[in-house]
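Enquirer: sequence below, structure please.
(chains A and B)
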Amino acid sequence: MFLTDEQKRILNGEKGETMAKVMKTMVMYGEAFEAEKLVPITSKYNHLVTSFGLKVMSPVYDLMQQLLDAGVASGQKFSVDPRPIDKNVPANFLQNFVFNKFMYTKQDFYEKQLNELGLMDENAFTCACYMDEVGNKPQKGEILSWAESSAVVYANSVLGARCNRNSGILDIMGSIVGYVPYFGLLTDEGRKATWVVKIQTTKKPEAQLLGSAIGMKVMEDVPYVVGLDKWLGTDLNEEACTYLKDFGAATASNGAVGLYHIENLTPEAVELGKSLIAEGAKEYVIDDAELESVKNNYPVIWKNPDAKPKLCFMGCPHMSLQQLKDWTDKVEAGLQASGNKKVVIPTVFTAAPKVLEAFNKTEYAERLKATGVITSYICPLMYMNNPLCKTMPVITSSNKLRTYTSARYYTDDEILVAITKGGK
Amino acid sequence: MREFKGRVVTPGTVTAEAVVTTQGFNTLASMQMALQFGDKALKCGDQNNAELNGKPMAGKALCLPQTIGSTTGGLVLYCACAMGRNPACMLFANHIDSLAAAGAILADVWVDGVTMPVIDELGDEFLQYVKDGMKITIKEGGIVCVE
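Expert: Residues are numbered from 1 along each chain as shown, chains lettered A, B, ... in the order given. Model (predicted):
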């Protein structure tokens, strides 16, 4: 791999041993992918995936401390994934005991490290950092060193930025040296689609199910999706962006998709059209039966599959402001139809602290509160990592949450009925 | 016995028993619970992977097409290595993905005394041939013997 004189000097230790190891890490990363060179990061902000002070992750915090002690912190500020705990989210005494005494005992220590490393501000904790309210929204063509699979796939696909699916720790190391290896989704060639996915459903496909189906089929390849504009339109408005946020998260957790193109909708598909499709691209047709089959094959790992749900989580990835407003309307309408005054299952909607701040300034906030729904900034996945939560029957319409935890997946419509009317 | 030739991502030689997944290996889903709750055998906890779920991975030759899922995957693998609960080696049928590469490289550069050879591009035939319990020997130059 070609290195500039400056990069060689860093690698040879001119800026100290720790900085040399950071550069060596990035060079080895590039060499693993036959990268020809390192290229400068051009985004204003970075985004890190590691937000949780999980005791078992001590090797990560030790490494971060090595970076801090050596004074090699990045000049680029960053947002980071959501905090793991919030006292507003229902948890019993034992669950809280496990959260606070066994699991997230390093949280305060780690947040102090994050501040020293360059956290944007004390509320920059969200997986959906690209929301306007949060302010970490890269421009088309910018080069990023981000991690967080759902944010990377959104930045690449919806915003047209360029970022590989970097791992945690490498996200900050790229930012520290200021360069990332030039390969994969940073290159024009790597952004070409090797799958054409044809949507032939009779109704608007559930975003999370569609993303799941595509992720499982194409794995880490780039899909070019045809026929979804019939349901989403050709305007990349807030509704479409919200759909693509949830769709993308499912492609990235059920597979390893880092970029998708939606014909006539996402920026590169609008600009370049079918010329984005690589020669010999494979084809995958998705109809109603395919989506039903995908859903029916999700494992149910509840001890009692017929158990009454004890908790509902919505917002993995974090909900948008518009989603919070739309769901307020939906929950109110559902309660009115069922004759209930409040949700019948404890329900938590999660969103970025700054999105919640904006939401709380609207008239919707009081209305949602009146339905009994709780809002929180946490990562539902981190909550569900508690073994005592794992045994609880929790429902969600997030495929990402379903993938990593014992939470059971239902469609948005099914969730609405469950929380407003009852049933499983 | 058959020999396969791949590309060396991180070097080393080792002999270990194979555990095999023919579907994408979700590192976070597979390792997080075992690491979190002190399972030294590193039993796989991925409910979506029927081939591996519940099987021990520490000290085994993990044979896989590639890893998938959360971008915490690399740091989870790094932690497994730093805690000495890592697979003995990782053998990829495909080109290694960015998350597994990160985990292996972070362990190689930042953890003293840990060797986890990683070989990729062993081909589909490798994954069709290798089965759980087979003896795997990694030699110099990316040579993998399966018997």
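
Enquirer: what helices or strands is the helix or strand harbouring residue B:81 leaning on?
Expert: Residue B:81 is part of helix B:73-82 when elements are defined by DSSP states H and E. Using 3 or more Cβ pairs under 8 Å, 6 or more residues apart in numbering or on different chains; DSSP states H and E as the contact test, the elements touching helix B:73-82 are helix A:58-69, helix B:27-36, helix B:98-110. Where C-beta positions appear, they are placed from N, C-alpha and C, glycine not excepted.

Enquirer: of those helices, which is nearest residue B:119?
Expert: Ranking those by proximity to residue B:119 (Cβ to Cβ) places helix B:98-110 first, at 10.3 Å.

Enquirer: sorry, back to before: looking at the helices and strands packed on helix B:73-82, which is nearest to residue A:174?
Expert: Checking the helices and strands packed on helix B:73-82 against residue A:174 by Cβ to Cβ gives helix B:98-110 as the closest, at 10.5 Å.

Enquirer: pLDDT of the closest one, averaged?
Expert: Averaging pLDDT along helix B:98-110 gives 94.

Enquirer: helices or strands next to the next helix or strand after it in the packing?
Expert: For helix B:98-110, the following helix or strand on the C-terminal side (DSSP H and E) is strand B:118-120. The contact analysis (3+ Cβ pairs under 8 Å, 6+ apart) places strand B:118-120 against strand B:7-10, strand B:89-92, helix B:98-110.

Enquirer: cutoff 10 Å now
Expert: Here strand B:118-120 touches strand B:7-10, strand B:61-64, strand B:89-92, helix B:98-110, going by 3 or more Cβ pairs under 10 Å, 6 or more residues apart in numbering or on different chains; DSSP states H and E.

Enquirer: which one of the ones you listed lies closest to residue A:313?
Expert: helix B:98-110 (24.8 Å).

Enquirer: who touches residue A:123 in this structure?
Expert: A:79, A:83, A:133-134, A:352-354, A:356-357, A:377 (Cβ atoms under 10 Å, 6 or more residues apart in numbering or on different chains).

Enquirer: tabulate the helices and strands packed on strand B:118-120 (CSV), appending distance to chain A.
Expert: Formatted as CSV, these follow (distance: least, Cβ to the nearest Cβ, whole Å):
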stretch, distance to chain A
strand B:7-10, 5
strand B:61-64, 12
strand B:89-92, 11
helix B:98-110, 3
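
Enquirer: so which of these comes closest to residue A:312?
Expert: Nearest of those (Cβ to Cβ): helix B:98-110, 30.1 Å.

Enquirer: and the angle for the closest one with helix B:27-36?
Expert: In terms of direction (axes from the mean of the first three to the mean of the last three Cα atoms, to 10 degrees), helix B:98-110 departs from helix B:27-36 by 40 degrees.

Enquirer: for helix B:98-110, what is the distance to the chain centroid?
Expert: 12 Å (Cα atoms, centre = their mean, to the nearest Å).

Enquirer: tally of neighbours for residue B:17?
Expert: Using other Cβ atoms under 10 Å in any protein chain shown, residue B:17 has 14 neighbouring residues.

Enquirer: picking that back up, can you lay out the helices and strands packed on helix B:73-82 as a markdown table showing distance to residue B:116?
Expert: Listed next are the helices and strands packed on helix B:73-82 as a markdown table, based on distance: least, Cβ to Cβ, whole Å:
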| stretch | distance to residue B:116 |
| --- | --- |
| helix A:58-69 | 14 |
| helix B:27-36 | 13 |
| helix B:98-110 | 6 |
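
Enquirer: one step back: just put the helices and strands packed on strand B:118-120 in JSON lines and tack on distance to residue A:415.
Expert: Shown next, in JSON lines, are those (distance: least, Cβ to Cβ, whole Å):
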{"stretch": "strand B:7-10", "distance to residue A:415": "42"}
{"stretch": "strand B:61-64", "distance to residue A:415": "34"}
{"stretch": "strand B:89-92", "distance to residue A:415": "38"}
{"stretch": "helix B:98-110", "distance to residue A:415": "30"}
